[in-house]
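>>> Got a predicted model here, sequence first, then my questions.
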Amino acid sequence: MHKHRTHNCSELSPKEVGQQARLTGWVSRRRDHGGVLFLDLRDHYGSTQCVFRSQSPHFSRAESIRMESVITVTGSVVKRSPETINANIPTGEVELVVEDMLVVTESAYIPFSIGDESDEASDSLRLQYRFLDLRRTKMQNNIKFRHKSLQSIRNHMGKQGFLEIQTPILTASSPEGSRDFLIPSRLHPGKFYALPQAPQIYKQLLMTSGFDKYFQIAACFRDEDARADRAPGEFYQLDMEMSFVEQADVHHAIETLVDGWFSELATSTFDKPPFQHITHKEAMDKYGSDKPDLRNPLIIQNATSCFEKSGFKIFAQTIEKGGIVLGIVVPNVASKPRSFFDKMNDWARENGAPGLGYIIYDNELKGPIANTLEKERHDHIIKTLSLKDGDAAFFICSTNHFWAKDFAGKVRLELGERADLVDKNAIRICWIVDFPLYESGETWFSAWREPTPEERKTIYFSHNPFSMPQCDPEEFSSLDPLSLNAWQYDLVCNGMELGSGAIRNHHPELLVKCFQVPGYTEAQVRQDFKSLLSAFSYGAPPHGGCALGVDRIIMMLANMHNIREIIAFPKNQNAMDVLLGAPNNVPEQLLKDVFIKSTAKK
RNA sequence: GGGGGUGUAGCUCAGUUUGGUUAGAGCGCUGGCCUGUCAAGCCGGAGGUCGCGAGUUCGAGUCUCGUCACUCCCGCCA
């Protein structure tokens, strides 16, 4: 008989009844009846009930064994009597009557329960004892789920002819983007490698090398702060790039992948390809966001004309000063109690708005605002907003149009939640397309603060500086930069950005011109993007691609609400690994080897 | 860098609004009972620097100030 096991803990079934079997696993639960003792033995695959009777020489040892100890049990597989069958587990029709037992390794007292899934430990404790936390069925399933997702990605990309090509982890610091992680060089005193924020430049170089279709499940490193859906420090992207393609070709490749992957693993219904296209402008106008949650049916409308020169003085005066009024119509809430509307107003004030006006349509227009409006205006409002009986409309008004749109987007989400209009069991996917290539300081800053006059005049890249402008390269210089869109797209799902991509600018001269608009000099661009411009000067294929946030998508598909749940060894909020103690101090000699002296205050 | 929340037994939490006797519960641990449970049950026991430090007070888990940790959000993430 095998030293450790003849079966795993989910294998025994009525087929094995009468056989001798050996199992090794962790003691998960104990039910001690004095004369008979049940131990649930658990491994990666499942759980099996092991029975000890008081006559057994191992009975008292089994009674005292600590939870989470590893034991080997040998005995006969017995069919359970009908009334003792446990239908909740696959091995529930049988049990192992133990004849021999070996304590392999005894566990110390465990800091939190593992067998009892209802007992949730705090996040910091779970991370401190991650090796125990990972024993839990939920985490075993999540990590298994992640594996299946990675397999699925490789399968669907491979089937489409994409080559998986690995790119360097030790690379050069890039001037664009987020903060780099730096690695000091021993062989080159005073110089540094950087960890890649993404394999962006390498994948474009691969295209110029003729590889045609590339993908990689790439580790990316960015020294930025965490969020619930964003791991600090390191994360994985499905990075892909293809040559001789237009936007539609990249979309098709990604849609084929997503459709295949989600078909295998999603537990909710999801949009089938082709995914709908929403232009960036439409997204901002209708949803107040460039990552709209389409599960929420509410849309933002321009309601300025409803209040122009009206009896509702606050709005009328704001409009006089160039302001805007945005309205959101919510169906079937007219009968809600007054508190529903008051609480929305309170919420708006807590979130930085002067207030939130509303009108109720219950046979006629009602509410504090409606009373100030001339009767002959009522029809116009009903028509403009397409109000139906039972609707209520909420209004955001400001002279700052950018703030108004942004805030209306937040109101839209809040109303969707409070009126319970969001279909939580759906996965709604869209492409946001036609991003502006540039933004003025006006829009760049206005949503959260007043820009200085200097900033107002400045032009910024709005998204990805390497994107191809939607214009004839010859005409670029003669066009208003702020009127230009880029071949740039985001994949958006349930209000989350799942990925982003673009048709790249592969013309070296045009690339230089694009960078000159926000103020780079030609010399600076040629210096900063030397390798890319050099490669493009030797025959660059038109190319484009996309990168999807793998962790975030797996989190969503696994119905988890924190990215740590689907990462085996995640960092905490402060980017620390509390299990291994990273980052930590290193011996002085290691610093000397790489010519580093710390200036950190003790 | 900024804002919110949390911090009480090994774990999860109640108690803090309105300061007042010996700080409680469930799970776990531990001693005993129990031959069919699967969140086993019953009886008993141990277990506390109320995150830490100051302050107010006759008296602080509770109020004030500071500080630390964790967490969520804003900034940031081309």
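All right, it came through fine.
>>> mean confidence for stretch A:240-260?
Average pLDDT, stretch A:240-260: 98.
>>> How about residues contacting that stretch?
Contacts to stretch A:240-260, defined as C-beta atoms under 8 Å, 6 or more residues apart in numbering, come from residues A:152-153, A:155-157, A:160, A:162, A:203-204, A:206-207, A:210-216, A:238, A:272-275, A:429, A:431, A:433, A:487, A:489, A:491, A:499, A:501, A:503, A:541-548. All C-beta spots, glycine's among them, are computed from the backbone N, C-alpha and C.
>>> what about 7 Å?
A:152-153, A:156-157, A:160, A:162, A:203-204, A:206-207, A:212-215, A:272-275, A:431, A:487, A:489, A:491, A:501, A:503, A:541-546 (C-beta atoms under 7 Å, 6 or more residues apart in numbering).
>>> filter the residues you listed to the buried ones?
Buried members of the contacts of stretch A:240-260, counted by 16 or more other C-beta atoms under 10 Å: A:152-153, A:156-157, A:160, A:162, A:203-204, A:206-207, A:212-215, A:275, A:431, A:487, A:489, A:491, A:501, A:503, A:541, A:543-546.
>>> Checking the closest residue to A:Ala426 other than its chain neighbours next. Helix, strand or coil?
Among residues not flanking A:Ala426 along the chain, A:Arg295 sits closest, at 5.3 Å (C-beta to C-beta, 6 or more residues apart in numbering). Secondary structure assignment for A:Arg295 (DSSP: H, G, I helix; E, B strand; the rest coil): coil.
>>> Now do the same contact list for A:Arg295.
Contacts of A:Arg295 by C-beta under 7 Å, 6+ apart are A:Val422, A:Asp423, A:Ala426, A:Arg428, A:Asn494.
>>> so how far is A:Gly441 from the second one?
It refers to A:Asp423. 38 Å (C-beta to C-beta, to the nearest Å).
>>> and what of A:Glu83?
On the measure of C-beta to C-beta, A:Glu83 and A:Gly441 end up 75 Å apart.
>>> The two - which one has more neighbours?
Neighbours were counted for A:Glu83 and for A:Gly441 using other C-beta atoms under 10 Å; A:Gly441 has more, 17 against 5.
>>> give me the element the residue of the stretch 201-350 of chain A found nearest RNA strand B is part of.
Among the residues of the stretch 201-350 of chain A, A:Asp225 lies nearest to RNA strand B; the distance is 3.0 Å by C-beta to the nearest atom of the strand. A:Asp225 belongs to no helix or strand when elements are defined using DSSP states H and E.
>>> residues touching the closest residue to it other than its chain neighbours, list them.
Nearest residue to A:Asp225, sequence neighbours excluded (C-beta to C-beta, 6+ apart): A:Pro232, at 6.3 Å. If you count contacts by C-beta under 7 Å, 6+ apart, A:Pro232 has them with A:Glu224, A:Asp225, A:Ala226, A:Lys571, A:Ala575.
>>> mind running it again at 10 Å?
A:222-226, A:563, A:570-576 (C-beta atoms under 10 Å, 6 or more residues apart in numbering).
>>> just checking, which of these belong to strands?
Assigned to strands by DSSP state E, the following of the contacts of A:Pro232 qualify: A:Arg222.
>>> Which PyMOL command selects the buried ones in the contacts of A:Pro232?
Here is the PyMOL command that picks out the buried ones among these, judged by 16+ other C-beta under 10 Å:
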select buried, chain A and resi 222+223+226+563+570+571+572+575+576
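>>> TSV for the contacts of A:Pro232, including distance to A:His463 and pLDDT?
Shown next, in TSV, are the contacts of A:Pro232 (distance: C-beta to C-beta, whole Å; pLDDT from 0 to 100):
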residue	distance to A:His463	pLDDT
A:Arg222	16	94
A:Asp223	21	94
A:Glu224	17	93
A:Asp225	21	93
A:Ala226	22	93
A:Ile563	23	95
A:Pro570	28	95
A:Lys571	27	95
A:Asn572	30	93
A:Gln573	27	92
A:Asn574	29	92
A:Ala575	26	94
A:Met576	31	94
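>>> returning to what we had before: show me which of the buried ones among the contacts of stretch A:240-260 neighbour RNA strand B.
When these are checked against RNA strand B using C-beta under 7 Å from any atom of the strand, none falls in range.
>>> Could you tell me which of the residues you listed belong to helices?
A:Ser152, A:Ile153, A:His156, A:Met157, A:Lys203, A:Gln204, A:Leu206, A:Met207 (DSSP state H).
>>> Return the per-residue confidence for the residue nearest to A:Asp225.
Residue-level pLDDT assigned to A:Pro232 equals 93.
>>> quick one, phi psi at it?
According to degrees, to the nearest 10, the main-chain angles of A:Pro232 amount to phi -80, psi 140.
>>> Likewise for A:Phe461?
Dihedral pair for A:Phe461: phi -70, psi 130, per degrees, to the nearest 10.
>>> now the one 5 residues further on
For A:Phe466, the backbone dihedrals (degrees, to the nearest 10) come out as phi -90, psi 10.
>>> my guess is A:Glu63 meets A:Phe52, correct?
Yes - with contact defined as C-beta atoms under 10 Å, A:Glu63 counts as touching A:Phe52 (7.8 Å).
>>> Neighbour count for these two, which is higher?
The residue with more neighbours, out of A:Glu63 and A:Phe52, is A:Phe52; 25 against 14, by other C-beta under 10 Å.
>>> What strand or helix carries that one?
Going by DSSP H and E, A:Phe52 is part of strand A:47-53.
>>> Check A:Pro168 too.
Going by DSSP H and E, A:Pro168 is not in any helix or strand.
>>> One more: the one 10 residues further on?
Using DSSP H and E, A:Ser178 falls within no helix or strand.
>>> Excluding chain neighbours, what is closest to it?
A:Ser178 sits nearest to A:Arg222 (C-beta to C-beta, 6+ apart), 4.4 Å away.
>>> Next, the contact list for the one you found, please.
Per C-beta under 10 Å, 6+ apart, neighbours of A:Arg222: A:177-181, A:195-198, A:230-235.
>>> Kindly state the beta-bridge partners for it.
Note on A:Arg222: beta-bridge partners by DSSP bridges are A:Gly233.
>>> With the one 5 residues further on instead?
Counting by DSSP bridges, A:Arg227 forms beta bridges with A:Arg230.
>>> Noted, bye for now.
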